[in-house]
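Chemist: got a sequence here, can you build the structure:
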Amino acid sequence: MLLAAACAHAQLVSTTAGRQQDLNFVADTLPKLDANSYSTLDRGTYQQAVAALQSRITTATDPEFYIGLAQLVAMSGDMHTNLVPGGVFGYPVMSLTFRWLDDGLFVTTAAQPYAQTLGARVMSVNGMPIDQVVQLIGTSFAWANNQWLHATVESRLPNLFLLEGLDIVPYKSTSVPMTFQTLDGNQFNVTIAANATNQPIVSGLPGPTPDYLQNPNSYYWYEYVAANRMIYAKYNVCEDDPNGISVAAYSSQILATLDSNPVDTVAIDFRGNGGGNEYLLYPLGVGLFQRLPKLSANPNFRIYLVIDKGSFSSGMYTPMAFKSGFLASVEGIQMPDTTGIMFVIGEPTGGKPIGFGDTLDFTLPYSQAPGYYSTDFIDQDEGVIPDLPSFNPDISVNTRSTDYFAGNDPVMAAMLARFTGAPPAPSGNVITVNGASFHADQELAPGSFAAAFGGFSVTPDQVLVGNTAGVIVSSSLSQVNFVVPASAALGLAAISVRASGQELANGQVTITAAGPGIFVWNAANPSQPGAVENQDYSVNSPGNPAARGTAVSIYATGYGPLDSSGTAAAQAYFGDTPAQVLYSAPVAGVPGLWQINVQVPATVSPGVLPLFLVAGNVASNAVTVAVQ
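Modeler: The predicted structure follows:
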């Protein structure tokens with residue numbers, strides 16, 4: 001698609017009298033409209049802030065004054081009361097989009113001239129460190145947790161009106177100098193023009209869009225995936241679609257699909273759902289609960305409710321109601337026992353479980369800048385859901401930049417694997433992780449490659465796991481790569497890094513039966529090309545793709561127990577399409593290395609696809625493989 005032409009600066013230029021009207025509304029009228037949330041605000045502090053902005057009414061620029069008004073509104077602390085002033089002034093936005101991932105803020109799409117920024121992490125804006133930028137942007141809206149702070153910064157950072165209003169860039173800037181960092185730690189500077197026009201937009205995704213990012217403008221959609229016996233329902237907005245079927249009809253269609261097909265998994269995805277009317281989806285919950293006695297006869301049946309930092313208001317209250325039983329009480333049915341069947345999965349929400357809601361709109365009298373305010377206090381679950389900063393998942397699954405830019409959905413992978421949760425994170429002054437993925441939340445298996453990171457005074461020559469030495473593959477002052485002893489006991493294990501018999505550092509890590517990790521050819525490449533060979537033993541790459549229906553060899557570590565034939569149980573997925581495993585066993589003569597031969601599914605789309613393994617109910621990291 002093409003980037004729309006940006007508007008010129010300051011189509012509306014405010015007057016002092018007009019500013020005074022808008023300030024009076026925010027200072028006096030809005031607190032009376034939003035009496036609930038403003039009841040917690042210290043009036044003296046608020047009046048001081050009003051007086052400070054009043055003193056600048058003739059000297060502040062338009063962005064400074066109106067972002068100052070937004071900061072006054074944000075002082076209520078009410079996440080459902082907000083002023084968004086920039087649009088009425090016709091300011092341009094940067095031609096980049098951002099996404100906050102587990103390891104930072106990254107560029108996900110860019111106008112063609114800035115394609116080099118795709119997959120890179122944002123480090124600074126106009127010389128200001130990104131953490132400082134984030135905190136300044138956070139003064140312009142209310143937030144109760146870092147999840148909502150980060151989710152909102154994603155959309156607000158490109159807005160020059162906001163950046164100028166916070167004095168992050170100078171008034172009437174035409175470009176924004178930014179610093180980025182690649183996965184291998186190299187930093188580079190790019191100046192982003194604020195008024196780029198008619199430039200093609202380039203995506204950072206290497207291939208097909210994963211399900212959770214598809215159809216972002218649809219209110220809701222679903223699909224039945226026969227290969228996985230899964231109903232995947234994406235619920236983006238808690239409102240009836242004015243141009244499509246109602247939520248009630250949507251729910252009926254899902255239940256009819258459930259009744260007429262073999263189903264192991266129902267996944268209802270609330271990621272990015274900013275709210276609406278939480279009651280609309282209750283009939284789907286009623287239908288699921290009524291069918292649960294029959295569905296639970298299938299020991300593999302699961303219901304997953306997926307949440308993330310973008311789940312807010314009713315986009316959070318709806319999965320809360322499914323989980324807590326509030327839905328059942330409202331609908332007058334008996335809440336079934338969902339233990340071991342229904343799980344909330346993903347990241348903590350951006351919304352706070354208990355707070356204000358039921359919003360009404362307002363516009364400032366002079367500038368007509370839009371906003372909204374809350375009218376009601378909401379505690380729908382009456383203490384069943386803890387009053388924490390976020391509604392937290394039962395199974396925590398975060399999305400890293402390497403997941404996103406490989407086109408992988410780690411939540412989908414976790415659901416397919418029947419993942420039950422990560423072990424305690426490695427601890428101590430040496431951190432030991434899977435030697436293929438380098439993921440700290442991934443298990444280590446006996447006999448697998450591991451990497452121990454620390455600051456060592458001399459080069460280590462020994463690593464003990466419990467009381468047994470692992471085989472060192474390579475060693476430096478900051479990293480030791482080794483093979484976990486095959487005899488390592490499952491559970492929490494002590495790690496001791498040594499040189500000449502003297503301990504240099506120690507820590508703890510969890511040993512589990514399986515801990516799959518796929519090796520990556522180039523870890524600095526955001527798309528994570530995998531250590532994969534084509535059927536002719538050549539290295540797979542976009543320039544040398546594998547044909548559908550042929551076999552590829554995947555090189556990994558962390559296989560689980562072997563059967564009597566020496567085979568390690570494994571599943572492989574191209575995206576969410578399962579592949580037939582032809583061979584899975586340790587590589588003879590190379591301790592820790594695992595080879596898995598799979599047939600590329602004939603049904604996958606050609607292109608660069610994410611690939612992951614499942615062993616022992618654990619999904620590996622995702623890599624990419626090229627398919628033609």
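Chemist: output the contacting helices and strands for the helix or strand containing Asp403.
Modeler: Using DSSP states H and E, Asp403 sits in helix 401-404. On a contact count with 3 or more Cβ pairs under 8 Å, 6 or more residues apart in numbering; DSSP states H and E, helix 401-404 meets strand 96-101, strand 104-111. From N, CA and C alone the C-beta is placed, and that goes for glycine too.
Chemist: looking at it, Leu69 is touching Gly86, isn't it?
Modeler: No. Using Cβ atoms under 8 Å, Leu69 is not in contact with Gly86; the gap is 11.4 Å.
Chemist: ok, and what's touching stretch 501-510?
Modeler: Contacting residues not belonging to stretch 501-510 are listed as 423-424, 426-433, 443-444, 450, 452, 454-458, 460, 462, 491-498 [Cβ atoms under 8 Å, 6 or more residues apart in numbering].
Chemist: which ones among those residues map onto strands?
Modeler: 427-428, 430-433, 450, 452, 454, 462, 491-498 (DSSP state E).
Chemist: give me the low-pLDDT residue ranges for the stretch 401-550 of the chain?
Modeler: Of all residues in the stretch 401-550 of the chain, none has pLDDT under 70.
Chemist: go again with 80.
Modeler: The stretch 401-550 of the chain contains residues with pLDDT under 80 at 443.
Chemist: what distance do you get for the nearest residue to Thr363 once chain neighbours are set aside to Ala70?
Modeler: Counting by Cβ to Cβ, 6 or more residues apart in numbering, Pro370 is the residue found nearest to Thr363 once chain neighbours are left out, at 5.5 Å. Counting by Cβ to Cβ, to the nearest Å, the gap from Pro370 to Ala70 is 11 Å.
Chemist: what touches both of those two?
Modeler: When Cβ under 8 Å, 6+ apart defines a contact, the residues bordering Pro370 and Ala70 alike are Leu83, Val84.
Chemist: quick one on the thing from earlier: quick one, which of the contacts of stretch 501-510 are buried?
Modeler: 423, 426, 428, 430-433, 443-444, 450, 452, 454, 456, 460, 462, 493, 495-498 (16 or more other Cβ atoms under 10 Å).
Chemist: next secondary structure after the helix holding Asp403?
Modeler: With DSSP H and E, the next secondary element past helix 401-404 is helix 410-417.
Chemist: mind giving me the packing neighbours of that following helix?
Modeler: Going by 3+ Cβ pairs under 8 Å, 6+ apart, helix 410-417 lies up against strand 265-269, strand 302-307, strand 342-346, strand 571-574, strand 607-615, strand 618-619.
Chemist: now distance to Gln595, mean neighbour count and mean pLDDT too, for the helices and strands packed on helix 401-404, in CSV please.
Modeler: Shown next, in CSV, are the helices and strands packed on helix 401-404 (distance: least, Cβ to Cβ, whole Å; neighbours: other Cβ atoms under 10 Å; pLDDT from 0 to 100):
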stretch, distance to Gln595, mean neighbour count, mean pLDDT
strand 96-101, 31, 20, 96
strand 104-111, 32, 22, 96
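Chemist: looking at those strands, which is nearest to Pro353?
Modeler: strand 96-101 (21.1 Å; Cβ to Cβ).
Chemist: quick one: strands adjacent to the closest one?
Modeler: strand 104-111 (antiparallel) (DSSP bridges).
Chemist: got the angle for the following helix or strand past the partner strand vs strand 96-101?
Modeler: Next helix or strand after strand 104-111 toward the C-terminus (DSSP H and E): strand 121-125. Orientation check (axes from the mean of the first three to the mean of the last three Cα atoms, to 10 degrees): strand 121-125 against strand 96-101 gives 120 degrees.
Chemist: that older thread, could I get the helices and strands packed on helix 401-404 in JSON lines, plus columns for distance to Ile254?
Modeler: Formatted as JSON lines, the helices and strands packed on helix 401-404 follow (distance: least, Cβ to Cβ, whole Å):
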{"stretch": "strand 96-101", "distance to Ile254": "28"}
{"stretch": "strand 104-111", "distance to Ile254": "30"}
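Chemist: closest to Pro262 out of these?
Modeler: The nearest among the helices and strands packed on helix 401-404, by Cβ to Cβ, is strand 96-101 at 34.8 Å.
Chemist: starting at the chain centroid, how far to that closest one?
Modeler: 10 Å (Cα atoms, centre = their mean, to the nearest Å).
Chemist: for stretch 140-157, same thing?
Modeler: 14 Å.
Chemist: list the buried residues in it.
Modeler: Under 16+ other Cβ under 10 Å, the buried positions of stretch 140-157 are 140-154, 156-157.
Chemist: also stretch 544-561?
Modeler: Of all the residues in stretch 544-561, those buried under the rule 16+ other Cβ under 10 Å are 545-546, 548, 551-560.
Chemist: okay, who's weakest in those residues by pLDDT?
Modeler: Minimum pLDDT for the buried residues of stretch 544-561 is recorded at Gly560 (90).
Chemist: list the contacts of that residue.
Modeler: Ala445, Ala513, Ala514, Ala568, Ala569, Ala615, Gly616.
Chemist: tell me which two of the residues you listed sit farthest apart.
Modeler: Ala445 and Ala569 (12.3 Å).
Chemist: so these two - more neighbours on which side?
Modeler: With neighbours defined as other Cβ atoms under 10 Å, Ala445 and Ala569 compare such that Ala445 has more, 31 against 15.
Chemist: out of everything not next to it in sequence, what's closest to Pro129?
Modeler: Met123 (7.2 Å).
Chemist: hang on, Pro113 packs against Val202?
Modeler: No. Checked against Cβ under 8 Å, the pair Pro113 and Val202 is beyond contact range at 9.7 Å.
Chemist: on that earlier part again, redo the helices and strands packed on helix 410-417 as CSV? Include mean neighbour count, distance to Val26 and mean pLDDT.
Modeler: Below are the helices and strands packed on helix 410-417 laid out as CSV (neighbours: other Cβ atoms under 10 Å; distance: least, Cβ to Cβ, whole Å; pLDDT from 0 to 100):
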stretch, mean neighbour count, distance to Val26, mean pLDDT
strand 265-269, 23, 37, 98
strand 302-307, 25, 33, 98
strand 342-346, 24, 36, 98
strand 571-574, 24, 52, 98
strand 607-615, 25, 47, 97
strand 618-619, 26, 49, 96
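Chemist: just so I know, which of those strands lies nearest Asn189?
Modeler: strand 607-615 (28.4 Å).
Chemist: which helices and strands sit right next to that closest one?
Modeler: helix 410-417, strand 517-518, strand 551-557, strand 571-574, strand 623-627.
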